[in-house]
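# Sequence first, predicted model second:
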Amino acid sequence: MPTSLLLQLKRAERRIELGLQELLDEFELTIEQWRIMAALHEEPGQPMSVLAEAAVLPAASLTRHVDKLVERGLILRRVHATDKRRIVAALSPVGSTVATRVSAVQRELEADLADYFQMEIHERSGSATQR
């Protein structure tokens with residue numbers, strides 16, 4: 001029986017989260033904090049409003065998590081160079097090192113999932129042609 005795309009995506013997300021959990025625990029990071037760091041790893045210097053969307057977090061939660069990451073020295077917050085009303089965030093050197101390590105593991109997990117989905121698509125297309 002086919003599974004909905006929504007359920008498949010949630011399962012994939014959960015597999016990645018579980019695969020990262022040991023490393024996140026080692027760095028004392030929550031999955032939400034990791035999503036913030038991952039977004040900044042991909043695109044440094046994001047304004048907080050853009051970062052909330054990139055990390056898939058409500059603005060209020062983002063601020064709380066960013067505050068903790070700043071306290072730990074993993075993220076830096078600065079006033080935007082041209083718009084003094086805006087705050088931008090970027091990884092600190094330590095945060096960048098952590099993000100590089102966690103990103104490598106995440107890429108491996110994503111590659112495994114991509115292989116799984118390729119097999120799943122192949123199997124489904126094979127069974128569809130046999131009908």
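The structure has been received and is ready for your questions.
# Tell me which other helices or strands the strand or helix carrying E22 touches.
For E22, the element it lies in under DSSP states H and E is helix 5-26. Other elements packing on helix 5-26 under the criterion 3 or more C-beta pairs under 8 Å, 6 or more residues apart in numbering; DSSP states H and E are helix 31-42, helix 93-129. In short, each C-beta sits where N, CA and C put it, glycine included.
# least reliable of these going by mean pLDDT?
Ranked by mean pLDDT, the helices and strands packed on helix 5-26 end with helix 93-129 at the bottom, a mean of 79.
# coming back round to it: what angle do the helix holding E22 and helix 31-42 make?
Helix 5-26 runs at 90 degrees relative to helix 31-42, counting by axes from the mean of the first three to the mean of the last three C-alpha atoms, to 10 degrees.
# Could I get the buried residue list for helix 5-26?
12, 16, 19-20, 23-24 (16 or more other C-beta atoms under 10 Å).
# got the residues you listed as JSON lines, with distance to L74 and pLDDT columns?
Shown next, in JSON lines, are those (distance: C-beta to C-beta, whole Å; pLDDT from 0 to 100):
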{"residue": "A12", "distance to L74": "26", "pLDDT": "87"}
{"residue": "I16", "distance to L74": "20", "pLDDT": "93"}
{"residue": "G19", "distance to L74": "21", "pLDDT": "94"}
{"residue": "L20", "distance to L74": "16", "pLDDT": "96"}
{"residue": "L23", "distance to L74": "14", "pLDDT": "96"}
{"residue": "L24", "distance to L74": "12", "pLDDT": "97"}
